[in-house]
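Colleague: Next come a sequence and a model predicted from it.
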Amino acid sequence: MTNPKSFQSNAQQTRRRGNAGTETAAGPRAVPRDEAGLVPTAPPQEKAVLVGVELAGHPGHLPLEDSLEELALLARTADVQVVGTVTQRLESPNPATLIGKGKVEELQMLVLELGANVVIFDDELSPRQQRELEKVLGEEVKVLDRTALILDIFARHARTREGAVQVELAQYEYRLPRLTRAWTHLARQVGGRAGGAGGGVGVRGPGETQLEVDRREIGRRIAFLKRQLDEISKHRSHYRRQRRRAATPVVALVGYTNAGKSTLLNALTNAGVRAEDQLFATLDPTTRRVELPSGHVVLFTDTVGFIQKLPTQLVAAFRATLEEVTEADVLVHVVDISHPNADEQEAAVEEVLEDLGAGEKPIVTALNKIDRLSPDDPVASERLRRARLEYTNPVAISARTGEGLDQLLQTIDEVLRQRMVPVDVLIPYGEGELVALIHTHGFVEQEEHRPEGTRVVGRLPVELAGRLRDYYYQAA
Ligand SMILES: Nc1nc2c(ncn2[C@@H]2O[C@H](COP(=O)(O)OP(=O)(O)OP(=O)(O)O)[C@@H](O)[C@H]2O)c(=O)[nH]1
Ligand SMILES: [Mg+2]
């Protein structure tokens, strides 16, 4: 007999998989248009016009067109349909509206013509510029910038309390100087995790109840969130201390969003982390044990990806999460080498690492997605060739097919080994667990049992060597 319960759950699983598959393959589906004027079942998708500016003498990391393409991807990730684009090359920004007066008129026309209800600027707008543009474009049109869009995506993707608190803090920091009437019709929803509802893109997150109150109230909320983050940060550092006592090295996966960090962690550990063709699929760190070819065990941490023009509020608010990066022993920088802008992305990540104070950490560069490179594509082949010459400890891999993963682990082993220092110690028999630690985390070259204890010669991680200072061997 068929068990109706299991039948039902199977059907649900199939449906869920089916949906995910469709979204990955074809991007967000278009809202069904109903000729007969019937009410569509899904809420109407927001329609956006994108605006890109290139300032003379201030070339960004990416050429204007590529940056706008990335902005369109961000918009799609936030379920916004891109219906048009406006660009301008400027000598200097217009303090009132960023773009020039004529361009504003052009934008206004395009918005009307295309029935857009959102305008998204690729560069951060000052509070004044945002207000002015909203005035010109009218009540019905929301004016956002890249930062607000990224904050919106973060609000949707936060899965843990840590993530939610950090996003909320970043959103308040962003909105505080921008508090105007425009923010008062926000969704009655905190953290914005349910997505979709209420104010739509850019205004999901902290809800109406908080935003209708005065700035002082928001200041208090910010202070409260910061206290919560201090708690979270303390917890994290507590765990890190425990890890350090166990001397297990930590390898942090860093890289541009969508480079394949989560896919790599999954390939190495079956971690089951969400990996999708979406920007900022991962916000919250996941840590898993991995055994290296030497037999040493390390902890791999997958965490939030970076992007060019990363909002400073986000970097500041995500301090607790990013401590996983700043405290790691080795970084594996995952680069999507199949991406035409791989070099610019690599540079943007390096810049964020510098800002975080992690610029000097030992790095292994994983040149990922080589399965997508065709040998007949001279541009891509040249990119890979140069990356192999120029990047630090490069290893070409495919997280998808598993190619190169052994080599990657070997390189990590080697880098960890280089960080070790030679030791020669005599450990009393009462301290047997120290000898075990040396075996677990170091390389033992010589071991000898003497009447006073065990003499071990080998190489050890610096921290561990420090802990053995009292037992350094000196020949009589
Ligand atoms: N062809 C190919 N696709 C890959 C490879 N690695 C990852 N991908 C795809 O790239 C997309 C992004 O992968 P993720 O692992 O989610 O990337 P991420 O770096 O964790 O991204 P965020 O968490 O959003 O920062 C997914 O669609 C993956 O299936 C690879 O080696 N080859
Ligand atoms: Mg990820």
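Modeller: Cool, got the structure. Since we're looking at a predicted model, the values are computed, not measured. Residues are numbered from 1 along each chain as shown. Ligands and ions are numbered 1, 2, ... in the order given.

Colleague: From ligand 2, how far out is the spatially most central residue of the chain?
Modeller: Central residue of the chain (C-alpha atoms, centre = their mean): residue 305, 1.9 Å from the mean position. Distance, residue 305 to ligand 2, by C-beta to the ion, to the nearest Å: 6 Å. The way it works is simple: take the backbone N, C-alpha and C, and place the C-beta from them, glycine included.

Colleague: Assess the claim that that residue and residue 255 are in contact.
Modeller: Yes: with contacts counted by C-beta atoms under 8 Å, residue 305 reaches residue 255, the gap being 6.1 Å.

Colleague: shared neighbours of the two, anything?
Modeller: Residues within reach of residue 305 and of residue 255 at once, by C-beta atoms under 8 Å, 6 or more residues apart in numbering, are residue 261.

Colleague: show me what contacts the residue nearest to the centre of the chain?
Modeller: Residue 305 neighbours (C-beta under 8 Å, 6+ apart): 255-259, 261, 279-280, 282.

Colleague: 7 Å - rerun?
Modeller: By C-beta atoms under 7 Å, 6 or more residues apart in numbering, the contact list for residue 305 reads 255-259, 261, 280, 282.

Colleague: Mind pulling up the pLDDT for it?
Modeller: Listed pLDDT for residue 305 reads 93.

Colleague: again with the one 4 residues further on
Modeller: The predicted local confidence for residue 309 comes out at a pLDDT of 87.

Colleague: so it touches residue 146, yeah?
Modeller: Yes: assessed by C-beta atoms under 7 Å, residue 309 is found in contact with residue 146 at 5.8 Å.

Colleague: out of these two, which sits in the more crowded spot?
Modeller: residue 146 (25 against 19; other C-beta atoms under 10 Å).

Colleague: how about that one, what does it touch?
Modeller: 71, 121-124, 309.

Colleague: now, which of those residues lie within helices?
Modeller: Those of the contacts of residue 146 mapping onto helices are residue 71, per DSSP state H.

Colleague: next one: stretch 47-57 to chain centre, how far?
Modeller: In terms of C-alpha atoms, centre = their mean, to the nearest Å, the centre of stretch 47-57 is found 24 Å from the chain centre.

Colleague: Pull the residues that contact it.
Modeller: Contacts of stretch 47-57 (C-beta under 7 Å, 6+ apart): 64, 67-68, 71-72, 75, 80-91, 93, 98-99, 107, 110-111, 114-123.

Colleague: which ones among those are found in helices?
Modeller: 64, 67-68, 71-72, 75, 107, 110-111, 114.

Colleague: what's the closest of those residues to residue 292?
Modeller: The closest of those to residue 292 turns out to be residue 67 (C-beta to C-beta; 38.4 Å).

Colleague: And the closest one, what's its pLDDT?
Modeller: pLDDT, read off for residue 67, is 94.

Colleague: Also residue 17?
Modeller: 33.

Colleague: same question, the one 5 residues further on
Modeller: Among the per-residue scores, residue 22 holds a pLDDT of 35.

Colleague: Residue 350 now?
Modeller: Reading off the model, residue 350 has pLDDT 95.

Colleague: Mind telling me what element it is part of?
Modeller: If you go by DSSP states H and E, residue 350 is part of helix 342-356.

Colleague: could you point out which element follows that helix?
Modeller: Downstream of helix 342-356 (by DSSP H and E), the next one is strand 363-368.

Colleague: List the neighbouring strands of that following strand plus their orientation.
Modeller: strand 330-336 (parallel), strand 394-396 (parallel) (DSSP bridges).

Colleague: Touching it from outside, list them.
Modeller: 259-260, 264, 330-337, 384, 387, 391-399, 408, 411-412, 415.

Colleague: Which of these are buried? Put it as a PyMOL command.
Modeller: The PyMOL selection below is limited to those of the contacts of strand 363-368 classed as buried (16 or more other C-beta atoms under 10 Å):
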select buried, resi 259+260+264+330+331+332+333+334+335+336+337+384+387+391+393+394+395+396+397+398+399+408+411+412+415
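
Colleague: ok, which of the contacts of strand 363-368 also contact ligand 1?
Modeller: Applying C-beta under 6 Å from any ligand atom to those, one finds that 259-260, 398-399 fall near ligand 1.

Colleague: which helices and strands does the helix holding residue 350 pack with?
Modeller: Helix 342-356 sits against strand 250-255, helix 319-326, strand 330-336, with contacts defined as 3 or more C-beta pairs under 7 Å, 6 or more residues apart in numbering; DSSP states H and E.
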